[in-house]
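In: give me the fold of what follows.
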Amino acid sequence: MPGRSLTRIVALGAIAALSLTACANGSDSGTGTTGGDAPTDLVISTDLPLQGASASTSESTNNLIQLYLDQVGGKTGKYNVKLKTYDDSTAAKGAWDDAACAKNATDHVANASEVAVMGTFNSGCAKIEVPTLNRDTTGPLLMVSHANTNPGLTKTWETGEPEKYYPAGKRNYARVVTTDDYQGNAAAAFASADLKVKKCFVLNDNQTYGLGVARAFADAAKKTGIEIVGEQAWDVKQPNYTALFQAVKASGADCVYLGGIYDNNGGQLIKDKAAVLGDNSQVKLLGPDGFTGYNDLLKLPQADGLYLTFAGLTTDQLIAAGGPPAKLIEAYKTKYGAAPTGNYPLYGVAAMQVILAAIAKSDGTRAGVTNAVLSGEGITIPKAESVTGKEIKIDPASGDTTAKDITVELVKGGKETFFKSQSVQ
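Out: Predicted coordinates for the structure are as follows:
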């Protein structure tokens, strides 16, 4: 919090305020020991897409995490912590990349002082990285995500999930946002009860996250009485989607659901939807959190009236509630002159709070940090200290959070505006 150090992260982990000398690309080597083999200087990393449409949100996330670490003095328990940032995107793709994610996973394991990873932003990237981190013989190495919502990372979803991500037989992954099965249920209930949708055409970007959230929405929508009149993937390399939306028009749909991420040519998709089907007051347009936090999207006049779900509470909601989130965002505005981009930066800090609490509770080794989260009582961040304004409790059996908040936003006047929120079961 601005102007003073945080007195503790959890009841079992005291935090003292010291001077932080780390830069965003902190040292990879430990200096000194605690009397055993564990270094007193530990590295925590972030693994985010720093290029393409997600770059501004990722930059805000890294900056807000560094600001938070500055505020707590760069120390948790008896350990000094430094931040190292990794980029899992490429300039050519303008989004997360399979090869970049695979290389990052290898690099995380090779960096001996690194004890935990905050990330990834994209579920597909996490599914590449988690097994490599899991095989680490000194760990497994912990990953805590602020944004992954695909259910298969922690629960039965597709064939072999989630067991195939944990070849060592022990889990090393957790997250502070809820999953797409809950997001799909909430979006479908909203479409039926609030928007009075009767027929919906469901699109996906043919990637892990998009396929999962599209399936979750379609399954839930059918249960509410909405007729799913078509399900189809959009080709992310297609120059236009006129033919696709002509098919949507022929189906009689009064709703289009965009299961995917904006990075995958979402701007062209939204433009062509409006050109063929009219504005969003005529045929409703809904999207998941993969379309939140993009400045380029908000600049599109055709996006006005787009409804978005977010697996969590929005930054505006958290600020309005006061407490730690409001104070942290105010400090960010003072330093950077504007609020962070999107809703995920605060959840990035929430994931970092879990990691810091785990380090404070551990012996400073990778195995110890992972065990602190995914065994015993797990990790709980009290409401009074949580940057989400609510208690963060990680289920040690699954790695999932017990908080299941879903927010509906409306794009209006070039902004994501709060529409409604609910906790789902």
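
In: low pLDDT regions in the stretch 151-300 of the chain?
Out: By pLDDT under 70, the stretch 151-300 of the chain has no low-scoring segment.

In: okay, now Val130: neighbour count?
Out: Other residues near Val130 come to 27 when the count uses other C-beta atoms under 10 Å. For the C-beta atoms, the positions are set from N, CA and C on the backbone; glycine is no exception.

In: pretty sure it sits in a strand.
Out: No. According to DSSP: H, G, I helix; E, B strand; the rest coil, Val130 belongs to no strand; its state is helix.

In: need the contact list for it.
Out: Met143, Leu153, Tyr165, Tyr166, Asn172, Tyr173 (C-beta atoms under 8 Å, 6 or more residues apart in numbering).

In: please redo it, this time with the cut-off set to 6 Å
Out: Counting by C-beta atoms under 6 Å, 6 or more residues apart in numbering, Val130 makes contact with Tyr165, Tyr173.

In: what residues of the helix or strand that contains His108 count as buried?
Out: Here His108 is covered by helix 98-110, with elements defined by DSSP states H and E. Buried residues in helix 98-110, counted by 16 or more other C-beta atoms under 10 Å: Ala100, Cys101, Lys103, Asn104, Ala105, Asp107, His108, Val109.

In: the second one touches Cys125, doesn't it?
Out: Yes. Distance between Cys101 and Cys125: 4.2 Å, which falls inside the contact criterion (C-beta atoms under 6 Å).

In: now the common contact residues for those two.
Out: By C-beta under 6 Å, 6+ apart, the residues touching both Cys101 and Cys125 are Asp88.

In: before we move on, back to that, what mean pLDDT does the helix holding His108 have?
Out: Helix 98-110 shows a mean pLDDT of 98.

In: gap between it and the chain center?
Out: 19 Å (C-alpha atoms, centre = their mean, to the nearest Å).

In: same check on stretch 382-392?
Out: 17 Å.

In: report the buried residues of it.
Out: Glu385, Ser386, Val387, Thr388, Gly389, Lys390, Ile392.

In: quick one: terminal-to-terminal distance for it?
Out: By C-alpha to C-alpha, to the nearest Å, the extent of stretch 382-392 from end to end equals 7 Å.

In: which residues touch it?
Out: Val176, Leu318, Ala321, Gly323, Pro324, Pro325, Leu328, Leu346, Val349, Ala350, Ile381, Ala403.

In: same check, this time on stretch 344-362
Out: 9-10, 12-13, 44, 57, 60-61, 64-65, 68, 76-77, 79, 116, 118, 144, 146-147, 176-177, 293, 312, 315, 325, 368-369, 372-373, 379, 381, 387-388, 392.

In: separate out the buried members of these.
Out: Buried, going by 16+ other C-beta under 10 Å: 9-10, 13, 44, 57, 60-61, 64-65, 68, 76-77, 79, 116, 118, 144, 146-147, 176-177, 293, 312, 315, 325, 368-369, 372-373, 379, 381, 387-388, 392, out of the contacts of stretch 344-362.

In: out of those, which sit inside helices?
Out: Judged by DSSP state H, helices contain the following of these: Thr57, Ser60, Thr61, Leu64, Ile65, Tyr68, Thr315, Pro325, Gly368, Val369, Ala372, Val373.

In: list the residues that contact the spatially most central residue of the chain.
Out: Closest residue to the average C-alpha location of the chain: Ala147 at 0.9 Å, with C-alpha atoms, centre = their mean. If a contact means C-beta under 6 Å, 6+ apart, then Ala147 has Phe121, Tyr344 as its contacts.

In: tell me the pLDDT at it?
Out: 98.

In: quick one: it from Asp136, how far?
Out: 23 Å (C-beta to C-beta, to the nearest Å).

In: then Lys271?
Out: 45 Å.

In: ok, Gly414 next?
Out: According to C-beta to C-beta, Gly414 stands 45 Å off from Asp136.

In: again, but for Glu59
Out: 28 Å.

In: is it true that Gly342 touches Thr57?
Out: Yes. The pair Gly342 / Thr57 is scored as a contact, 4.2 Å apart, by C-beta under 6 Å.

In: joint contacts of these two?
Out: Gly293.

In: quick one, domains of the chain?
Out: 8-178+315-394, 180-310+407-423 (automatic domain parsing).

In: distance of the residue nearest to Lys222 when sequence neighbours are not counted from Leu308?
Out: Of all residues not flanking Lys222 in the chain, Ile228 sits nearest, at 6.0 Å (C-beta to C-beta, 6 or more residues apart in numbering). Using C-beta to C-beta, Ile228 is found at 20 Å from Leu308.

In: tell me which helix or strand comes right after the stretch of helix or strand Val276 belongs to.
Out: If you go by DSSP H and E, Val276 is part of helix 266-277. Going down the chain from helix 266-277, the next helix or strand is strand 284-287, by DSSP H and E.

In: gap between that following strand and the chain center?
Out: That offset, for strand 284-287, works out to 21 Å (C-alpha atoms, centre = their mean).

In: distance of Gly52 from Asp296?
Out: 10 Å.

In: which one of the two has more residues nearby?
Out: Applying other C-beta under 10 Å to Gly52 and Asp296 shows that Gly52 carries more neighbours, namely 19 against 13.

In: state the pLDDT value of the closest residue to the more buried one other than its chain neighbours.
Out: What sits nearest to Gly52 in space, not counting adjacent residues and going by C-beta to C-beta, 6+ apart, is Gly94, at 3.4 Å. Note on Gly94: pLDDT of 95.
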